[in-house]
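> with the input below, show me the fold.
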Amino acid sequence: MADRRRVIVGITGASGTILGVRLLEILRDVPDVETHLVMSPAAVRTLLIETDHTADDVTRLADVVHSFKDIGASIASGSFKAEGMIIAPCSVKTLGAIAHCLSDDLIGRAADVCLKERRRVVLLFRETPLHAGHIAAMELVTRAGAIVMPAVVGLYYRPQDVMEMIDHLAGRALDLIGIESGAVVRWQGQKGRPDDVG
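Predicted coordinates:
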């Protein structure tokens, strides 16, 4: 497995745990990728509320599963090579921890390590509306090198159901760490002349 690209997936307790599940499902079909999963206890609780999946269902999708509190895990070190980390969904608590370099759990520590090693960290932030504290934390993580990707759906590809929207979001997050998933409907330009509109 040494020649496989490694992707760290963090799932936190914000609404939208299906985003992390779909990321893992999509990555299973990318042959040269090895996934490393960390789920917070709040993620497990939210998963059971929002989906028909159990924690065991989700952990079976990953190649390697790490305990949330194991800050001695392989992904807690800068010597662990990875393409990057995607936190989907990313809770306000996790955003704040990363913004302030807090590493008291493995999700925060792994994200901090990726940032210090100049690797991509994509945060699918799930909160709305926002107050000034959220915006300030987003600025701090962006200055540190993370990419804040609010889980905002696009509609230009005319999705037929919620899962199409989820797949598109997951694929766009993977784009940001350089992994082609086949899940993104790419914009091909507007049909017709611009002056035909309005």
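
> distance between the helix ranked longest in the chain and the chain's centre?
Secondary structure of the chain per DSSP state H: the longest helix is helix 162-176. Counting by C-alpha atoms, centre = their mean, to the nearest Å, helix 162-176 is centred 10 Å from the centre of its parent chain.

> ditto for stretch 80-92
5 Å.

> what do you get for stretch 79-93?
Using C-alpha atoms, centre = their mean, the offset of stretch 79-93 from its chain centre is 6 Å.

> pull out the buried residues from that stretch.
80, 82-93 (16 or more other C-beta atoms under 10 Å). Bear in mind the C-beta positions are built from the backbone N, C-alpha and C, glycine included.

> export the residues you listed to JSON lines and tack on pLDDT, secondary structure and distance to Val113?
Listed next are the buried residues of stretch 79-93 as JSON lines, based on pLDDT from 0 to 100; DSSP: H, G, I helix; E, B strand; the rest coil; distance: C-beta to C-beta, whole Å:
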{"residue": "Phe80", "pLDDT": "97", "secondary structure": "coil", "distance to Val113": "8"}
{"residue": "Ala82", "pLDDT": "97", "secondary structure": "coil", "distance to Val113": "9"}
{"residue": "Glu83", "pLDDT": "97", "secondary structure": "coil", "distance to Val113": "14"}
{"residue": "Gly84", "pLDDT": "97", "secondary structure": "strand", "distance to Val113": "11"}
{"residue": "Met85", "pLDDT": "98", "secondary structure": "strand", "distance to Val113": "9"}
{"residue": "Ile86", "pLDDT": "98", "secondary structure": "strand", "distance to Val113": "15"}
{"residue": "Ile87", "pLDDT": "98", "secondary structure": "strand", "distance to Val113": "13"}
{"residue": "Ala88", "pLDDT": "98", "secondary structure": "strand", "distance to Val113": "18"}
{"residue": "Pro89", "pLDDT": "98", "secondary structure": "strand", "distance to Val113": "21"}
{"residue": "Cys90", "pLDDT": "98", "secondary structure": "strand", "distance to Val113": "16"}
{"residue": "Ser91", "pLDDT": "98", "secondary structure": "coil", "distance to Val113": "19"}
{"residue": "Val92", "pLDDT": "97", "secondary structure": "helix", "distance to Val113": "21"}
{"residue": "Lys93", "pLDDT": "97", "secondary structure": "helix", "distance to Val113": "19"}
